[in-house]
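Visitor: Whatever this is, show me its structure:
(one chain, ligands or ions: 1)
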Amino acid sequence: MDLSLTPEQEAFGATVRAWLKKSMPREWKATGSSEIPRAEQYELLRRWQRSLFDAGFIGLTWPKEYGGGGLTFMEELILQQEMALAKAPPILNVLGVGMAGPTIIAWGTEEQKKRYPPKILSCEEIWCQGYSEPNAGSDLASLQTRAVQDGEHWVINGQKVWTSFAHVSEYMMLLARTDPNVPKHKGITYFLLDMKLPGVTVKPLRQLTGEAEFNEVFFDNVRVHETQVLGSVNNGWAVGLTTLMYERLTLGFGLQVRLRIALDGLIDLARRMEKSGRALTKEPVMRQKLAQLWIDTECLKYTGARAITKLLRGEMPGPEASTGKMAWVDTHQRLQELAMEIEGPYSQLWKGSEWAVEGGVWPQSFLRSRANSIEGGTTEIQKNIIAERLLGLPKD
Ligand SMILES: Cc1cc2nc3c(=O)[nH]c(=O)nc-3n(C[C@H](O)[C@H](O)[C@H](O)COP(=O)(O)OP(=O)(O)OC[C@H]3O[C@@H](n4cnc5c(N)ncnc54)[C@H](O)[C@@H]3O)c2cc1C
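Guide: Numbers count the residues shown, from 1 in each chain. You can find the predicted model right below:
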């Protein structure tokens, strides 16, 4: 693709830069964490997303009539680059903006498209993704949560697990089985579920990091109106795949911005940490490792740009999004491992310890990064997708 900017795009970049300079929240301190927002940051990030919305710097590629900017992915790329350079905070409604909004715009009725996307962008309504179940993760089509029609409603019973943000969400992208008598991919429906409906129970699960950012969600005779079906009944597999493609695109492309912020933080850390009285950045092997991470981060940016070429042609993200997701996981986990090497014995110290480096953010983001090769589809599953759907190899 041609990445040279038109004068209008240069001017757009300058506007974003100037806005970021004056609008960054004073209390925000960029750290090595390139992760999902932590609980103590929720309020700040909610306000931050709101100010991005008010300034028109979110949902750039979404149609104007649904609250977006009506611009192209080139402007989105420029915005993301400026955010990385300014070390701007992430948004709070990550799954809403990255996945729910684009899926609703792709499959929704006119009423659904007018109702949901603007509130996703403004962060008035946070979304979570109700796909995984105790017996359906990689093999998602085996999901057992049932929806049975009763007049104008569907009655939902079952359980989801690992549901990130369910504890703060207003809505869920829910996959449920509506026809158990057809091949398993064909009997699934996609619902836009109001989390406040009677019968929905959210129970937090604590992770390796000590945070409880994901949950179990139980459905006990939850009555969902038929207008909350997205796409059509028993077409949930196709609708759900759209969400997954956008998820991998967001992870591969969107998170490379946060990767760049983390890498800059890591280089600063290496400059300040010493070995035998010398800054670690003077060590040849350390320099090579840092340079390799920088190269891989740049490569990821261009892999993302390749995916964007497809979007600029008006196509939806396809199986190639898996390569970006996989490359992001590999680079980010290596980056966090290197942070532990740089901190040496200090990497054992957690937040709260007066000797912890940078308040203990690196050990925490290192532990969180272990989940990267599981969330959004495991690395093994991404490899299967690449093998079968991109390389045309025989089926697993
Ligand atoms: C931090 C985090 C956040 C998450 N957030 C959400 C969320 O918001 N919403 C949601 O719905 N889910 C979420 N998940 C769940 C995630 O999508 C699943 O954990 C993931 O898809 C794997 O499913 P599973 O855990 O059931 O593992 P399994 O599918 O049981 O896999 C176990 C192991 O077997 C391997 N395996 C399975 N099948 C194959 C195969 N065909 N070929 C080769 N290897 C295979 C897997 O790679 C894995 O190593 C989250 C997970 C994490 C860790």
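Visitor: is the ligand contacted by stretch 365-381?
Guide: Yes. Contact between stretch 365-381 and the ligand, assessed by CB under 6 Å from any ligand atom, occurs at Ala371, Ile374, Glu375, Gly377, Thr378, Glu380, Ile381. Heads up, the C-betas are built off the backbone N, CA and C, glycines and all.
Visitor: Now do the same contact list for Lys21.
Guide: Each residue near Lys21 by CB atoms under 8 Å, 6 or more residues apart in numbering is listed here: Ala86.
Visitor: give me that answer again for 6 Å
Guide: Residues near Lys21 by CB atoms under 6 Å, 6 or more residues apart in numbering: none.
Visitor: Ok, Met245 next?
Guide: The contact partners of Met245, by CB under 6 Å, 6+ apart, come to Pro317, Ala321.
Visitor: ok, it to Leu293 distance?
Guide: In this structure, Met245 and Leu293 are 27 Å apart, going by CB to CB, to the nearest Å.
Visitor: Over to Gln49?
Guide: According to CB to CB, Gln49 and Leu293 sit 29 Å apart.
Visitor: Now the helix or strand where Leu244 lies: buried residues?
Guide: Using DSSP states H and E, the element containing Leu244 is helix 236-249. Residues of helix 236-249 classed as buried by neighbour count (16 or more other CB atoms under 10 Å): Gly236, Trp237, Val239, Gly240, Thr242, Thr243, Leu244, Met245, Tyr246, Glu247, Arg248, Leu249.
Visitor: For that helix, list the C-alpha coordinates in PDB.
Guide: Coordinates of each C-alpha in helix 236-249 appear next as PDB, following Å, rounded to 0.1, in the frame of the first residue of the first chain:
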ATOM      1  CA  GLY A 236     -25.000 -16.400  14.900                       C
ATOM      2  CA  TRP A 237     -22.000 -18.300  13.600                       C
ATOM      3  CA  ALA A 238     -21.400 -15.900  10.700                       C
ATOM      4  CA  VAL A 239     -22.200 -12.800  12.800                       C
ATOM      5  CA  GLY A 240     -19.900 -14.100  15.600                       C
ATOM      6  CA  LEU A 241     -17.000 -14.700  13.200                       C
ATOM      7  CA  THR A 242     -17.200 -11.000  12.200                       C
ATOM      8  CA  THR A 243     -16.600 -10.100  15.900                       C
ATOM      9  CA  LEU A 244     -13.700 -12.500  16.100                       C
ATOM     10  CA  MET A 245     -12.000 -11.100  12.900                       C
ATOM     11  CA  TYR A 246     -12.300  -7.600  14.400                       C
ATOM     12  CA  GLU A 247     -11.000  -8.900  17.700                       C
ATOM     13  CA  ARG A 248      -7.900 -10.200  16.100                       C
ATOM     14  CA  LEU A 249      -7.500  -7.100  14.000                       C
END
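Visitor: Rounded mean pLDDT for that helix, please.
Guide: Mean per-residue pLDDT for helix 236-249: 87.
Visitor: Check stretch 214-227 too.
Guide: 98.
Visitor: List the buried residues for that stretch?
Guide: Neighbour counts over stretch 214-227 (16+ other CB under 10 Å) mark Phe214, Asn215, Glu216, Val217, Phe218, Phe219, Val222, Val224 as buried.
Visitor: ok, the residues you listed vs the ligand, which is closest?
Guide: Phe214 (5.0 Å; CB to the nearest ligand atom).
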